[in-house]
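**Student:** Pasting a predicted model and its sequence here:
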Amino acid sequence: MKYVRKSDSRGTANFGWLQSKHSFSFGSYYDPNHMGVSVLRVINDDTVKPGAGFDTHGHRDMEIISYVIEGALKHKDSTGNSYEVPAGEIQRMSAGKGVMHSEFNASNTEDVKFLQIWIQPNVMGIEPGYEQKAIAQDGQLTPLVTPNGEAGSLSMNQNASMYRLVLEPGEGYELSTGNRVGYLHIIKGELEAQEELLSAGDAFALGNNEKVSLTAKSTIEALWFDLPPV
């Protein structure tokens, strides 16, 4: 593993209504050693208080993925989309040449917890786009977002893919990159990788032609990113 990112070493932000942990440099948190992996630029682990959220703001030329872990998000944007994204569903917004949007906790009584993921696109200035879907787990590794929306996944404007990895206690899985690079972010549970114990919020990257064997110590939910080489 060429790079390990422990949960408690991430950048943090606390605005009262929002508590966020930044895997990579974001906003007022800057660390030149943690600027992203390949085209994966942002993973923010966000918890938003009931009824609160991100007021209308703009983005451009970025693939923005929301992975809701608990609760539900209320999304609205300048292209006319207005949806609720509950836990278990995946949302991808292509900002393209520019889009305004807001995201709020859909509940007035419970927190919403989600991962905000930004991936740099391989095409600029396109029309904004939006997709949202519930994708059932199919085996240990299930595609969620891929370049062409293969196997029922959402699509994105980049030669990159995001998968959900689910393992039961005692199960193993081998991750390999070939001539690409990869990044695994653990959402829930505990696993062992190369004799290192990793748990929720921890992550690691693999370089070109690397592989690692995983063993689940408890039920695991994680995101695996297959990324172009740099």
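**Tutor:** That came through, no problem.
**Student:** going forward, measure contacts between C-alpha atoms and count neighbours the same way
**Tutor:** Will do.
**Student:** From the contact counts, what lies against the helix or strand hosting residue 42?
**Tutor:** Under the criterion of DSSP states H and E, residue 42 resides in strand 40-48. If you count contacts as 3 or more CA pairs under 8 Å, 6 or more residues apart in numbering; DSSP states H and E, strand 40-48 packs onto strand 18-22, strand 112-119.
**Student:** what's the closest of these to residue 42?
**Tutor:** Across these, residue 42 has its closest neighbour in strand 112-119 (4.8 Å, CA to CA).
**Student:** List the neighbouring strands of the next helix or strand after the closest one plus their orientation.
**Tutor:** Using DSSP H and E, the helix or strand that follows strand 112-119 in sequence is strand 129-134. Applying DSSP bridges to the sheet, strand 129-134 is found paired with strand 89-94 (antiparallel).
**Student:** mean confidence score for the partner strand?
**Tutor:** For strand 89-94, the mean pLDDT works out to 96.
**Student:** Touching that strand from outside, list them.
**Tutor:** 61-68, 85, 128-135, 144, 154-157 (CA atoms under 8 Å, 6 or more residues apart in numbering).
**Student:** One more: stretch 26-35?
**Tutor:** By CA under 8 Å, 6+ apart, stretch 26-35 touches 11-12, 22-25, 41-42.
**Student:** Could you point out which residue ranges in this protein have low pLDDT?
**Tutor:** Nowhere does the chain drop to pLDDT under 70.
**Student:** gap between the helix or strand just after the strand holding residue 42 and the chain center?
**Tutor:** Remark: after strand 40-48, the chain's next helix or strand is strand 53-59, criterion DSSP H and E. With CA atoms, centre = their mean, to the nearest Å as the basis, strand 53-59 stands 18 Å off its chain's centre.
**Student:** ditto for stretch 122-142
**Tutor:** Distance, stretch centre to chain centre, for stretch 122-142: 11 Å (CA atoms, centre = their mean).
**Student:** tell me, what residue is most central in the protein?
**Tutor:** Closest residue to the average C-alpha location of the chain: residue 117 at 4.1 Å, with CA atoms, centre = their mean.
**Student:** Could you give the bridge partners of that one?
**Tutor:** Taking DSSP bridges as the rule, residue 117 bridges to residue 43, residue 65.
**Student:** residues contacting the nearest residue to residue 181 once chain neighbours are set aside?
**Tutor:** Spatially, and ignoring its direct neighbours in sequence, residue 181 is nearest to residue 207 (4.8 Å; CA to CA, 6 or more residues apart in numbering). Contacts for residue 207 (CA under 8 Å, 6+ apart) come out as 1-2, 177, 180-182.
**Student:** if we go to 7 Å?
**Tutor:** Applying CA atoms under 7 Å, 6 or more residues apart in numbering to residue 207 gives the contacts 2, 181-182.
**Student:** and if you look at residue 58?
**Tutor:** Residue 58 sits next to 98-101 when contact means CA under 7 Å, 6+ apart.
**Student:** For it, list each beta-bridge partner.
**Tutor:** Beta bridges link residue 58 to residue 100 when assigned by DSSP bridges.
**Student:** Distance-wise, check it relative to residue 78.
**Tutor:** 9 Å (CA to CA, to the nearest Å).
**Student:** Give me the common contacts of these two.
**Tutor:** 99-101.
**Student:** if I look at the residue nearest to residue 148 when sequence neighbours are not counted, how far off is residue 122?
**Tutor:** Nearest residue to residue 148 in three dimensions, chain neighbours excluded: residue 155, at 5.2 Å (CA to CA, 6+ apart). Distance from residue 155 to residue 122, counting by CA to CA: 13 Å.
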